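In: From the sequence below, what's the structure:
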Amino acid sequence: MSDGEARRPGQIILGWWSRNIGDRKQAHARGLAARLRRAGPVGVLGEAAVHDLARALDLKDAAVLIRLVQVLAEVREPYGQPLAAALGGAAPAMSTLRFQRLMRVADGDLTDALRRAIVLADRHCNVAALGEDLLHWSEKTRSRWCFQYFGAAAPDTLKENADAIDEEISQ
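Out: Alright, predicted model coming up:
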């Protein structure tokens with residue numbers, strides 16, 4: 001990637017995760033991740049690293065920023081399947097009924113629901129994809145997650161963003 005080429009939000013998020021909370025063998029990463037998991041909104045916003053991410057993403061919505069970092073603080077392994085695919089499949093880590101409830105959860109409860117889902121997925125998923133989904137959580141995102149959970153091919157209108165994320169991560 002050239003210096004003039006803009007990085008996608010997923011790449012920025014993965015880089016931030018790797019530098020700040022990814023290596024849990026490091027005391028600073030372990031400490032920040034613990035503080036982010038336990039803190040309330042003001043506590044999360046009191047962390048300099050959180051503001052570094054907000055600047056890098058040019059993110060102005062505090063609620064989205066708080067949800068993003070608190071959910072990412074649960075992830076221990078940053079690669080692999082998107083979270084929905086890790087939760088589903090032939091031997092689902094999350095029951096279909098519970099997944100359906102996750103897809104219907106209100107925005108105010110989304111952070112806690114996703115954090116519990118990450119634990120069920122053994123705390124590993126594709127951080128870049130999860131980060132972009134959290135930035136743009138919508139009906140389209142939820143629909144794509146349903147296809148990923150059941151391991152079905154998503155219609156082209158839903159998988160454009162996912163394909164772009166997969167392509168840039170592999171570079």
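
In: I'd assumed residue 66 was in a strand, is it?
Out: No. Read with DSSP: H, G, I helix; E, B strand; the rest coil, residue 66 is helix and lies in no strand.

In: Which residue is the nearest non-sequential neighbour of residue 37?
Out: Leaving aside its sequence neighbours, residue 37 sits nearest to residue 73 (CB to CB, 6 or more residues apart in numbering; 4.7 Å). From N, CA and C alone the C-beta is placed, and that goes for glycine too.

In: count of neighbours near the one you found?
Out: The number of residues packed near residue 73 is 22, by other CB atoms under 10 Å.

In: Residue 46 now?
Out: 12.

In: Could you pull up the residues touching it?
Out: By CB atoms under 8 Å, 6 or more residues apart in numbering, the contact set of residue 46 is residue 39.

In: For it, what are phi and psi?
Out: Main-chain torsions, residue 46, degrees, to the nearest 10: phi -80, psi 0.

In: and it, what pLDDT?
Out: Here, the pLDDT recorded for residue 46 equals 97.

In: so where does the residue sitting nearest the centre point of the chain fall, helix or strand?
Out: Closest to where the C-alpha atoms of the chain average out (CA atoms, centre = their mean) is residue 130, at 2.7 Å. Secondary structure from DSSP states H and E places residue 130 in helix 127-135.

In: which helices and strands sit right next to that helix?
Out: If you count contacts as 3 or more CB pairs under 8 Å, 6 or more residues apart in numbering; DSSP states H and E, helix 127-135 packs onto helix 9-17, helix 62-72, helix 83-87, helix 139-150, helix 156-169.

In: what does the shortest one contact?
Out: Okay, so that is helix 83-87. In this structure, residues lying in contact with helix 83-87 by CB under 8 Å, 6+ apart are 80, 93-94, 99, 114, 117-118, 120-122, 124-126, 129-130, 133, 144-146, 148-149, 151.

In: please redo it, this time with the cut-off set to 10 Å
Out: With contacts defined as CB atoms under 10 Å, 6 or more residues apart in numbering, helix 83-87 is touched by 71, 75, 80-81, 92-96, 98-99, 102-103, 114, 117-118, 120-127, 129-130, 133-134, 141-142, 144-151.
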